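1. I need the structure of the sequence given here:
(2 chains)
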2 protein chains.
Amino acid sequence: MSSRSDQHSPDTRSPQTPGPDTRGADTLEAVGESAALARIFPRLPAAASALLGPGDDAAVVAAPDGRFVVTTDMMIHGPDFRLAWSTPHDLGWKAAASNLSDVAAMGAVPSALVVAIAAPADSPVGLLEGIADGLRDACEALSPGCGVVGGDLSVSGTLTIAVTAFGDLEGRAPVLRSGARVGDVVAVAGVLGEAASALRLLFADAVDDRGEPDAALAAALRPAAAAQLTPRPPIWAGPVAARGGATAMLDLSDGLAIDSGRLAAASGVGIDFEGRLLGDDSALALAGGEDHSLLATFPAGAALPEGFRRIGVCVDGSGIGVDGVAYDPAGWDPYRDWSGSAG
Amino acid sequence: MSSRSDQHSPDTRSPQTPGPDTRGADTLEAVGESAALARIFPRLPAAASALLGPGDDAAVVAAPDGRFVVTTDMMIHGPDFRLAWSTPHDLGWKAAASNLSDVAAMGAVPSALVVAIAAPADSPVGLLEGIADGLRDACEALSPGCGVVGGDLSVSGTLTIAVTAFGDLEGRAPVLRSGARVGDVVAVAGVLGEAASALRLLFADAVDDRGEPDAALAAALRPAAAAQLTPRPPIWAGPVAARGGATAMLDLSDGLAIDSGRLAAASGVGIDFEGRLLGDDSALALAGGEDHSLLATFPAGAALPEGFRRIGVCVDGSGIGVDGVAYDPAGWDPYRDWSGSAG
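-> Modelled structure (predicted):
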């Protein structure tokens, strides 16, 4: 956890004394970085793969087969979450879950995370403690043995959580998006559309009269909104799919339609879904993002591994369809489509 | 490069058409994420260690000895840089250099980076292109063979660059902060105080009459300010020190006084510097941060490896001193000491 922030004025450099009384008693600026880190460290999950954990210039992580899988993803206050809806624990949980899912989608077992957090100086230290607790609880629930081996703490006007996650392929080839062949069965592990359904609920019922996100209203919706706020992707199913002969796999972050289109394009096939296998609301299942379920393809006739259910088949052609009718997914672009509301 | 940003209103989700005329023609929101990525990818340096590069859910990187070194660090607009002083190329360069230095400080050879960038939606695409060029040029200049294997692109009100860097220990034990012993020689590779001196220059001569950072004035100072804007730490010297028997090592990010104090505390020794070996301005050498030079200790009597020069000795006791007189370093805390000016 090195955290020198530079280009401060040399004149403002050495106030070791507490700040003025206008500062809250338990904020990051009042407590200081070292004390904040001392409160966060014990809350973080330990990684079984850590040969050297936090505290030096870098950590050392085991990579038993001579390779490691790596993915990185940021969560930003505004486009990625609303503080009126998500607790700090939710943020830590979701940051871990969404990155673990990308590791699992390669067929790898998650081994470790590094986490960089930038928060406003007047944030309560409890914000960071809550994020740490969420990281720990998500690792313990979704990928036992995976933990945090290092990180960085910074100050920013915009609360930002950047997670980089690592995984172990256990000697196997990674399962790419490009390996599906015509005739392969298309299968999914995890829910379809539930995160989007929960988000709809929050936008409908957790905003005040002016349309602004409201914390009390969101709290009352918590069990129903869990799929959005604290997704539980089937991380364990990634390596299971790889061992079970998956020919291609990816994480469903942008919705089944968009992501299956990516797998189809990378593999040079088309995908046809059976509408009756997509649940009661197939439109929601196709469009809804952030489930972080795993979409995988398997050779025709092969027994599907535990956790996976058939939803379609790879066909000659391109793009995706439902019951033989082409389906054109709408795209989401963070630079065009964010409303600007931070909540 | 997965980049779904969530919790957007479902109602604002699929405008694939260009935005209103108020948007600039070549901004991230006008061009869109896919086109921006297509312009950035070819500029990024390739990594010799990449077994699978960007484009899938995760990358796969070689870890030849069954371990990898990992460090992460964020650069935030405001506390970490001023856009009036640093070009996008500078930002990419410095983000790479500061992370590579943490890898080198373990005695490892940098192998790969992942980079997450969050930028305001109205940023010109050229901002990201410039950052990519800086990442590439720093890798090529400071650590040939190291490259970018993956990343993430997000929207944020605060320009943020999060780099995670990896390294290969080539079968050696990592060089920790804690291995120095009484009698060991204290040596440094790289400059001392030059980055801080350059920062002083910018604060003195690259601000306008109101004290605000000024781009034209900074541009005129560029050769003199290079140590601050585009540091050139001796990355190559990290593995050289490890091969040469370094007993402890760290990256000088917060200044010689603070960082040598950390090494001394971790090792349970004191450090006494010879003032005459610290250059013409020993106070600047001790206080100045961000040089990213490497401080290492070697057994007494051992020949110092190429690039290292003796500046002191490990002594019985604790803390640091100069010519036998105790020296009390002032600390810098990002949550207390940032003035709030972003420039």
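
2. what residues sit buried inside stretch A:171-186?
-> Neighbour counts over stretch A:171-186 (16 or more other Cβ atoms under 10 Å in any protein chain shown) mark A:174-180, A:184-186 as buried. Every residue, glycine included, has its C-beta placed from N, CA and C.

3. ok now it, how far from the chain's centre?
-> Between the centre of stretch A:171-186 and the centre of its chain there are 22 Å (Cα atoms, centre = their mean, to the nearest Å).

4. before we move on, back to that, of the buried residues of stretch A:171-186, closest to residue B:321?
-> Closest approach to residue B:321 among these (Cβ to Cβ): residue A:174, at 52.8 Å.

5. and the helices in chain A?
-> For chain A, applying DSSP state H gives helices covering A:28-31, A:33-40, A:88-104, A:125-142, A:194-205, A:215-220, A:222-229, A:237-243, A:256-267, A:282-287, A:334-337.

6. in terms of secondary structure, what does the third one contact?
-> By that I understand helix A:88-104. strand A:67-76, strand A:109-119, helix A:125-142, strand A:160-168, helix A:237-243, strand A:248-252 (3 or more Cβ pairs under 8 Å, 6 or more residues apart in numbering or on different chains; DSSP states H and E).

7. does chain B sit close to the shortest one?
-> Yes - where contact is defined by Cβ under 8 Å from any Cβ of the partner chain, part of strand A:248-252 touches chain B, namely A:250-251.

8. how much space between the closest residue to residue A:230 other than its chain neighbours and residue A:233?
-> Spatial nearest neighbour of residue A:230, excluding adjacent residues (Cβ to Cβ, 6 or more residues apart in numbering or on different chains): residue A:93 at 4.8 Å. Noted for residue A:93: a distance of 11 Å to residue A:233, by Cβ to Cβ, to the nearest Å.

9. let me see the contact set for the spatially most central residue of chain A.
-> Centrality entry for chain A: nearest residue to the mean C-alpha point is residue A:98, 1.4 Å, by Cα atoms, centre = their mean. Taking Cβ atoms under 8 Å, 6 or more residues apart in numbering or on different chains as the criterion, residue A:98 is in contact with A:73, A:75, A:163, A:231, A:233, A:253, A:290, A:292.

10. out of those residues, who's near chain B?
-> Counting by Cβ under 8 Å from any Cβ, the members of the contacts of residue A:98 near chain B are A:73, A:253, A:290.

11. quick check, pLDDT for the residue lying closest to the last one once chain neighbours are set aside.
-> Leaving out its chain neighbours, the residue that sits closest to residue A:290 by Cβ to Cβ, 6+ apart is residue A:195, at 3.9 Å. The predicted structure scores residue A:195 at 93 on the pLDDT scale.

12. residues near residue A:195, how many?
-> By other Cβ atoms under 10 Å in any protein chain shown, the residues close to residue A:195 number 28.

13. surely it is in contact with residue A:231?
-> Yes - assessed by Cβ atoms under 8 Å, residue A:195 is found in contact with residue A:231 at 5.8 Å.

14. need the residues that contact stretch A:169-177.
-> The contact list for stretch A:169-177 (Cβ under 8 Å, 6+ apart) reads A:64-65, A:67, A:69, A:105-109, A:238-239, A:241-243, A:246-250, A:262-263, A:266-267, A:296, B:52, B:56-58, B:60.

15. check the offset of it from the chain's centre.
-> Mean C-alpha position of stretch A:169-177 versus that of the full chain (Cα atoms, centre = their mean) differs by 20 Å.

16. number of nearby residues for residue A:62?
-> Neighbours of residue A:62 using other Cβ under 10 Å come to 18.

17. apologies, that question was intended for residue A:204.
-> By other Cβ under 10 Å, neighbour count at residue A:204 equals 10.

18. would you mind measuring from it to residue A:211?
-> Distance of residue A:204 to residue A:211, computed by Cβ to Cβ: 11 Å.

19. can I get the helices and strands packed on helix A:88-104 in JSON lines with distance to residue B:155 and mean neighbour count?
-> Shown next, in JSON lines, are the helices and strands packed on helix A:88-104 (distance: least, Cβ to Cβ, whole Å; neighbours: other Cβ atoms under 10 Å in any protein chain shown):
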{"stretch": "strand A:67-76", "distance to residue B:155": "7", "mean neighbour count": "28"}
{"stretch": "strand A:109-119", "distance to residue B:155": "15", "mean neighbour count": "27"}
{"stretch": "helix A:125-142", "distance to residue B:155": "21", "mean neighbour count": "21"}
{"stretch": "strand A:160-168", "distance to residue B:155": "11", "mean neighbour count": "29"}
{"stretch": "helix A:237-243", "distance to residue B:155": "28", "mean neighbour count": "24"}
{"stretch": "strand A:248-252", "distance to residue B:155": "21", "mean neighbour count": "28"}
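
20. what domains does the record give for chain A?
-> Domain ranges of chain A: A:27-168, A:185-332, per automatic domain parsing.

21. winner for burial among these?
-> Mean neighbour count (mean count of other Cβ atoms under 10 Å in any protein chain shown) peaks for domain A:27-168 among these, with a mean of 24.

22. picking up where we left off before, possible to save the buried residues of stretch A:171-186 as JSON lines with pLDDT?
-> As requested, the buried residues of stretch A:171-186 are exported to JSON lines (pLDDT from 0 to 100):
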{"residue": "A:174", "pLDDT": "98"}
{"residue": "A:175", "pLDDT": "98"}
{"residue": "A:176", "pLDDT": "98"}
{"residue": "A:177", "pLDDT": "97"}
{"residue": "A:178", "pLDDT": "97"}
{"residue": "A:179", "pLDDT": "98"}
{"residue": "A:180", "pLDDT": "98"}
{"residue": "A:184", "pLDDT": "98"}
{"residue": "A:185", "pLDDT": "98"}
{"residue": "A:186", "pLDDT": "98"}
